[in-house]
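Q: Sharing a sequence plus its predicted fold:
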Amino acid sequence: MDDKIFYITIFISVLIAVIILFFVVSIVLYHRRYIQLQRERITAEITILENERKRIAADLHDSMGPLLSTIKLNIHSIVVADERDQQVIAKSSGYIDEVIRGLRQISHNLLPATLERKGLTEALHEFIRQLSDKQPLEIKFHTSGQINIPPEKEIHIFRIIQEITHNTLKHAKATQLQIALTREQGFYLVLVRENGIGFDVKKARTESSGLGMKSLAIRTDILGGSLSIDSAPGQGTNYFVKIPVG
């Protein structure tokens with residue numbers, strides 16, 4: 001009788017253990033599937049966003065720009081004798097020039113034409129030159145050797161560096177920013193250092209409501225890479241992104 005009770009107890013214990021194990025495995029698998037679906041959704045959203053940026057940039061550059069230039073030519077073809085009318089035409093022409101420059105800048109911000117024509121390195125050089133003309137931040141960019149990054153990865157790496165740079169300008173109060181892009185042992189490596197006020201990385205990741213940190217993590221994840229941020233209040237910040245070539 002005692003043996004029977006013992007075996008029944010063992011059987012029930014094993015059954016309960018199997019049921020618990022089943023639920024644990026199911027939860028783990030569900031969680032993994034949920035993360036995978038979230039990643040696929042976010043990847044699709046970013047892909048759509050980049051395609052929309054590309055389309056809008058092309059529309060602004062190819063349609064609105066020439067149209068405004070044509071309007072400007074038509075305005076200048078109007079012959080008026082009154083000096084005040086001539087001044088109005090001159091001012092209108094100046095306004096159109098400002099709008100054209102603004103559209104070009106918006107188009108470039110949406111998608112730098114240099115990125116498609118000449119690749120990531122030249123696009124980054126151009127991006128840094130434009131910022132250096134407007135900002136007191138000293139930016140140095142270093143790259144070496146043949147990197148040969150596929151276009152589908154170039155856009156994400158460009159956005160990562162762009163986001164870090166904008167975050168530095170907006171929050172870090174830094175005077176120097178160093179950017180290095182290399183290819184070593186089957187990985188693309190991005191290292192960014194700035195001498196700003198620093199921040200609590202863990203707190204920023206858990207409490208930040210902005211898209212900056214999230215965008216860096218998501219784009220790095222899309223590339224199958226890893227992102228490391230080393231910072232502390234008063235010590236500046238180092239960003240290290242490691243992306244597999246394959």
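A: Noted; the coordinates are in hand.
Q: which residues touch the residue nearest to His76 when sequence neighbours are not counted?
A: Leaving aside its sequence neighbours, His76 sits nearest to Ser93 (CB to CB, 6 or more residues apart in numbering; 6.5 Å). All C-beta spots, glycine's among them, are computed from the backbone N, C-alpha and C. Counting by CB atoms under 8 Å, 6 or more residues apart in numbering, Ser93 makes contact with 72, 75-76.
Q: Do a quick rundown of the helices in the protein.
A: 2-59, 65-76, 83-110, 113-118, 120-134, 151-167, 201-207, 212-222 (DSSP state H).
Q: Domain boundaries for the chain, per the record?
A: 2-110, 118-244 (automatic domain parsing).
Q: residue ranges with poor pLDDT in this structure?
A: Filtered on pLDDT under 70, the chain yields the residue ranges 1-3, 6, 35, 207-212.
Q: Can you pull up the most central residue in it?
A: Centroid check for the chain by CA atoms, centre = their mean gives Arg159 as the closest residue, at 3.0 Å.
Q: which non-adjacent residue is nearest it?
A: That would be Arg219: by CB to CB, 6+ apart, it lies 5.9 Å from Arg159.
Q: I'd guessed that neighbour sits against Phe158; true?
A: No - counting by CB atoms under 8 Å, Arg219 does not reach Phe158; the two are 9.8 Å apart.
Q: Which one's more surrounded, the two?
A: The neighbour count for Arg219 versus Phe158, taken as other CB atoms under 10 Å, is higher for Arg219 (24 against 20).
Q: show me the contacts for that one.
A: Neighbouring residues of Arg219 by CB under 8 Å, 6+ apart: 46, 156, 159-160.
Q: Most neighbours among these, please name it.
A: That'd be Ile160 among those, by other CB under 10 Å, with 24 neighbours.
Q: so it makes contact with Ala217?
A: No - Ile160 is beyond contact range of Ala217, at 9.9 Å (criterion: CB under 8 Å).
Q: so which of the helices of the chain gets nearest Val190?
A: Among these, the nearest to Val190 by CB to CB is helix 151-167 (6.5 Å).
Q: In PDB, list the C-alpha atoms belonging to that closest one.
A: The C-alpha coordinates for helix 151-167 follow below in PDB (Å, rounded to 0.1, in the frame of the first residue of the first chain):
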ATOM      1  CA  PRO A 151      23.500  50.100 -50.000                       C
ATOM      2  CA  GLU A 152      20.800  48.500 -47.900                       C
ATOM      3  CA  LYS A 153      23.200  48.700 -44.900                       C
ATOM      4  CA  GLU A 154      24.600  52.100 -45.800                       C
ATOM      5  CA  ILE A 155      21.400  53.900 -45.100                       C
ATOM      6  CA  HIS A 156      21.100  52.500 -41.600                       C
ATOM      7  CA  ILE A 157      24.700  53.200 -40.700                       C
ATOM      8  CA  PHE A 158      24.300  56.800 -42.000                       C
ATOM      9  CA  ARG A 159      21.100  57.200 -39.900                       C
ATOM     10  CA  ILE A 160      22.900  55.800 -36.800                       C
ATOM     11  CA  ILE A 161      25.800  58.300 -37.100                       C
ATOM     12  CA  GLN A 162      23.400  61.100 -38.000                       C
ATOM     13  CA  GLU A 163      21.300  60.300 -34.900                       C
ATOM     14  CA  ILE A 164      24.300  60.200 -32.600                       C
ATOM     15  CA  THR A 165      25.600  63.500 -34.000                       C
ATOM     16  CA  HIS A 166      22.200  65.200 -33.600                       C
ATOM     17  CA  ASN A 167      21.900  63.900 -30.000                       C
END
